[in-house]
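Chemist: below: sequence and its predicted model.
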Number of protein chains: 2
Amino acid sequence: MTERLSALTKRLEEIDDIQRAAAVLGWDQMTYMPRGGNAGRGEQLATLASLAHERLVSPAFGAALAAFAEEAQGAPADDIRHALLRTVQRAYDQATKLPQELVARQMRLTVEAYESWVAARAAKDFAVFAPAFAKMVEISREIGEALGYPDEPYDALLDLSEPGMTAKAGAELLGELKAHLVPLVQEIAARKDRVDRSFLYGHFADESQWQLGLEAIEAFGFDFGRGRQDRSIHPFTTSFGVGDVRITTRISEESFASAFFSTLHEGGHGLYEQGLPAEWARTPLGQAISSGVHESQSRLWENLVGRSRAFWRYFLPRAKAVFPAQFGENGVEEIYRAVNYVEPSLIRVDADEVTYNLHIAVRFELERALMQGELKAKDVPEAWRAKMQQYLGVTPPDDLEGALQDIHWTGGLGGFIGYTVGNVVSAQLWEAAGRTIPDLTERITQGDFAPLLGFLRRELHQLGSQEKTEGFLRKATGEGLTTRPYLGYITGKYREIYGL
Amino acid sequence: MTERLSALTKRLEEIDDIQRAAAVLGWDQMTYMPRGGNAGRGEQLATLASLAHERLVSPAFGAALAAFAEEAQGAPADDIRHALLRTVQRAYDQATKLPQELVARQMRLTVEAYESWVAARAAKDFAVFAPAFAKMVEISREIGEALGYPDEPYDALLDLSEPGMTAKAGAELLGELKAHLVPLVQEIAARKDRVDRSFLYGHFADESQWQLGLEAIEAFGFDFGRGRQDRSIHPFTTSFGVGDVRITTRISEESFASAFFSTLHEGGHGLYEQGLPAEWARTPLGQAISSGVHESQSRLWENLVGRSRAFWRYFLPRAKAVFPAQFGENGVEEIYRAVNYVEPSLIRVDADEVTYNLHIAVRFELERALMQGELKAKDVPEAWRAKMQQYLGVTPPDDLEGALQDIHWTGGLGGFIGYTVGNVVSAQLWEAAGRTIPDLTERITQGDFAPLLGFLRRELHQLGSQEKTEGFLRKATGEGLTTRPYLGYITGKYREIYGL
């Protein structure tokens, strides 16, 4: 390690330590913190955020970065220092472009927006939330202007979580999916009675659900010596380093699928975090490529693996051992169909594989119109209803099941596209894994997930951020981002299940 | 609030936020962290400690403190700013005397020592821990030299947790106790058969013990909206602010008393933290006076309350409701005697009231000899055995029950004297509370702990660090630190129980 590299990484590690400490506080806030801790925790998190920001934008950091940049630019083309420079420069540019005043103002608005969202939910009326949301759109435009963009301010917000993503590219991606999925949803809706999932509802003891979920992700390869699962209202994954990755879930005893697939989903995120390169830990190079690529890992384990026949050939005997009364009479085919039940519904987080991206299309198109000033915050519910009807054929009876359904908009705009990128990439990786591991299905049937995890470790996890999304995809699958494998997977799978 | 005060408190609050964040990370490390998190957590804690230190010793802080000092010195004699200045000046002086490099090194050594302590316990061999412990003694001497001391380096370590305490004063305090307690222990040992505590052993279901402990401290006044209990190997209390106080315990199903009194003990610490003045939160003035005064609160609730006849008149019906088979045949007198069983034993945290301070004398005298270079780390087990035999008449069969028995030495030296200060102060406060609340015993019999908690809130908790130990004791009890009430309490209580 050169002197300049070492000087830079020392600074990066300190910033990373502060951010990971904040992650521990955030995890505790969502899992164990008593309500009395709220005010203090807010102060502590604000202080840590401002310390990390202050250190990143400091002249000393700028000088260390400039010195390292000079060195890296002279390095051979395949030298890892190029990738490190790119990832650090990106973080530095973002931080220096955003005035601290704007960051603080957005943080305060987040609190105000959250309170008004809670009030609006109590009143079942988006109009209560609209003024704060209008401010959120306004500040999002300011952020876009501060960061800069190729065509429209929304590009800048998308780029924050999906480096390189633009509004135009996102609209094209969603357009391709809509063209195939909207008619497919309609065809399936006419055949609803082909699948029975009633046995997934009833009574499933909390502790048994907990154990079964853990058993599944332990089989996938989640290392409980370097991670754990706790409970929270909304499931999430957070990482304090490759040696300490936390996932959470919530359990409803009335329904089997909700907690089980949530554990597989967060377990997939967790496997990515546990597989990141330890040698670049505590630097941006040791982190995931993007939110969308992260989501590809959760969706791959949740859906491509967890909702496959092969997985249930392996896992159904285990599920039956824990829930003999509930699953006793069903075979692999019954559970395979049940966990792949499709229904146009109102709530995104409960949506199945076929309808999920249509929920994303609704959000994405509304956000883009808001950012362009073509839609006013107060008119969101009407626009929401129209798009839901158009894409999914359903209309929310009130805003609770409509535009107030989740918390995302209290924190800002631009994050939804990652869910769709994740779905699309998960299918690309699955197809490539199938080519690389000819007996993949047979291995999964035997409960041997090591070849699949090995493929993901090698082609993605161990890279950290050495490659961008396109570059990693080309190396791992031979193609850049494409909807072909995803649409092939969805169409093939669901036409068969629903006899279309 | 004046401009200078506000400028200083803003800086103090930022430092406090960093220290509380470190406390959250420390709590997580001891409760939930998977073993893979060790290395990363050590780095994060070192970074936070160094950030807090850096900010405290910065020229900007020094200037803010100097400006405020000028203002405070001109204030009326009873102005709170004098106390704030004293507590901040103390923290500032300690920090400026300790080089940052030394602080960070000690923090890293703590992690290393903890791991080696765990390994030594697995091997049942102090020799595995001795190299790390030798480093800990060495670094403690460095710290002593950096801080300065009146007579010997150990003074400096004692002063860190007990402001004003010296090795000489500690030896005198323990000397007074030893003079009375060593013979009393011998007298009691000859009458062991006067008390039967066999019914405290058997099978006590984990979850029931957990609930019963919580019920007791809830009755004491512990606010679960501003705190919680979790599990850890070694029980402790930590606070992230007056709104978020965490205690821990560990449960053995074979024994009732261990977890129950541990919960009362940590609950007492927790009540102090929850009662600290919110208006000085996030400054040193809003913190406890000393470790010893802190311990007075845990010991008061654990022993003076929890091992009294009055408490068990109130609580035995509750304990019988949860454990009818185990307690069903016993009356208040039987349980009172059983929970006050005296036996010279090997483990400090399990020690009874009579023998407890003799364990402290062993540690204190070994630490003092180590610091003076009169004892080597590797020779600790032998010296330990000799002193245990001399004071308590027992010898540990191995290091697990000897010098490896608790975690304290992984964090440094000098903290044990606080336990004895705590015992002594608890009896002083109990005596004063009895004078102030004439029907104290009757109130406790009725499960009404509000008058006692009110006394402690008023005379101690709400002061924060406005007074030093001596000053607070004089106001609350009419005397400075004295062993008279403690020795009176112990002698009276145990001569009666054992018919001496």
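Modeler: All right, it came through fine.
Chemist: helix or strand: which one has A:Leu456?
Modeler: For A:Leu456, the element it lies in under DSSP states H and E is helix A:450-459.
Chemist: in that helix, what counts as buried?
Modeler: For helix A:450-459, the neighbour count (16 or more other CB atoms under 10 Å in any protein chain shown) marks A:Leu452, A:Leu453, A:Phe455, A:Leu456, A:Arg457, A:Glu459 as buried. From N, CA and C alone the C-beta is placed, and that goes for glycine too.
Chemist: then stretch A:275-283?
Modeler: For stretch A:275-283, a neighbour-count test (16+ other CB under 10 Å) marks A:Gly275, A:Leu276, A:Pro277, A:Trp280, A:Ala281, A:Arg282, A:Thr283 as buried.
Chemist: so the helix or strand containing A:Leu25 versus helix B:3-31, what angle?
Modeler: Using DSSP H and E, A:Leu25 sits within helix A:3-31. In terms of direction (axes from the mean of the first three to the mean of the last three CA atoms, to 10 degrees), helix A:3-31 departs from helix B:3-31 by 80 degrees.
Chemist: next structured bit after helix A:3-31?
Modeler: Using DSSP H and E, the next helix or strand after helix A:3-31 towards the C-terminus is helix A:38-56.
Chemist: can you list the neighbours in contact with whichever helix or strand comes after that following helix?
Modeler: Next along the chain after helix A:38-56, taking DSSP H and E as the criterion, comes helix A:59-73. Outside of helix A:59-73, the residues within contact range by CB atoms under 8 Å, 6 or more residues apart in numbering or on different chains are A:2, A:4-5, A:7-8, A:11, A:55, A:79, A:81-82, A:84-85, A:88-89, A:92, A:96.
Chemist: from these, which would you call buried?
Modeler: Buried, going by 16+ other CB under 10 Å: A:Arg4, A:Leu5, A:Ala7, A:Leu8, A:Arg11, A:Arg55, A:Arg81, A:Leu84, A:Leu85, A:Val88, A:Tyr92, out of the contacts of helix A:59-73.
Chemist: now tabulate those in JSON lines and tack on distance to A:Pro34 and pLDDT.
Modeler: As requested, the buried ones among the contacts of helix A:59-73 are exported to JSON lines (distance: CB to CB, whole Å; pLDDT from 0 to 100):
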{"residue": "A:Arg4", "distance to A:Pro34": "47", "pLDDT": "97"}
{"residue": "A:Leu5", "distance to A:Pro34": "44", "pLDDT": "97"}
{"residue": "A:Ala7", "distance to A:Pro34": "42", "pLDDT": "97"}
{"residue": "A:Leu8", "distance to A:Pro34": "40", "pLDDT": "98"}
{"residue": "A:Arg11", "distance to A:Pro34": "36", "pLDDT": "98"}
{"residue": "A:Arg55", "distance to A:Pro34": "31", "pLDDT": "96"}
{"residue": "A:Arg81", "distance to A:Pro34": "46", "pLDDT": "96"}
{"residue": "A:Leu84", "distance to A:Pro34": "41", "pLDDT": "97"}
{"residue": "A:Leu85", "distance to A:Pro34": "44", "pLDDT": "97"}
{"residue": "A:Val88", "distance to A:Pro34": "38", "pLDDT": "98"}
{"residue": "A:Tyr92", "distance to A:Pro34": "38", "pLDDT": "97"}
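Chemist: what is the nearest of these to chain B?
Modeler: Minimum distance to chain B across those is 9.1 Å, recorded for A:Arg55 (CB to the nearest CB).
Chemist: doesn't A:Leu460 make contact with A:Leu473?
Modeler: No - A:Leu473 is not in contact with A:Leu460 according to CB atoms under 8 Å; the separation is 9.4 Å.
Chemist: what do these two both touch?
Modeler: With CB under 8 Å, 6+ apart, A:Leu473 and A:Leu460 have no common neighbours.
Chemist: now stretch A:43-56: buried residues?
Modeler: Those would be A:43-53, A:55-56, for stretch A:43-56 by 16+ other CB under 10 Å.
Chemist: how about stretch A:424-438?
Modeler: So for stretch A:424-438, counting by 16+ other CB under 10 Å, buried means A:424-434, A:436-437.
Chemist: ok, now stretch A:362-381?
Modeler: A:362-371, A:375, A:377, A:380-381.
Chemist: stretch A:61-76 now?
Modeler: Buried-residue list, stretch A:61-76, by 16+ other CB under 10 Å: A:Phe61, A:Ala64, A:Leu65, A:Phe68, A:Ala69, A:Glu71, A:Ala72.
Chemist: widest-spaced pair of the buried residues of stretch A:424-438?
Modeler: A:Val424 and A:Ile437 (20.8 Å; CB to CB).
Chemist: quick one on the thing from earlier: would you put the C-alpha positions of the helix holding A:Leu456 in PDB?
Modeler: This file holds the C-alpha atoms of helix A:450-459, laid out as PDB (Å, rounded to 0.1, in the frame of the first residue of the first chain):
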ATOM      1  CA  ALA A 450     -23.200 -23.700  -2.300                       C
ATOM      2  CA  PRO A 451     -22.700 -23.700  -6.100                       C
ATOM      3  CA  LEU A 452     -25.200 -20.800  -6.400                       C
ATOM      4  CA  LEU A 453     -23.800 -18.800  -3.600                       C
ATOM      5  CA  GLY A 454     -20.300 -19.500  -4.900                       C
ATOM      6  CA  PHE A 455     -21.300 -18.100  -8.300                       C
ATOM      7  CA  LEU A 456     -22.800 -14.900  -6.700                       C
ATOM      8  CA  ARG A 457     -19.700 -14.500  -4.400                       C
ATOM      9  CA  ARG A 458     -17.400 -14.800  -7.400                       C
ATOM     10  CA  GLU A 459     -19.300 -12.800  -9.900                       C
END
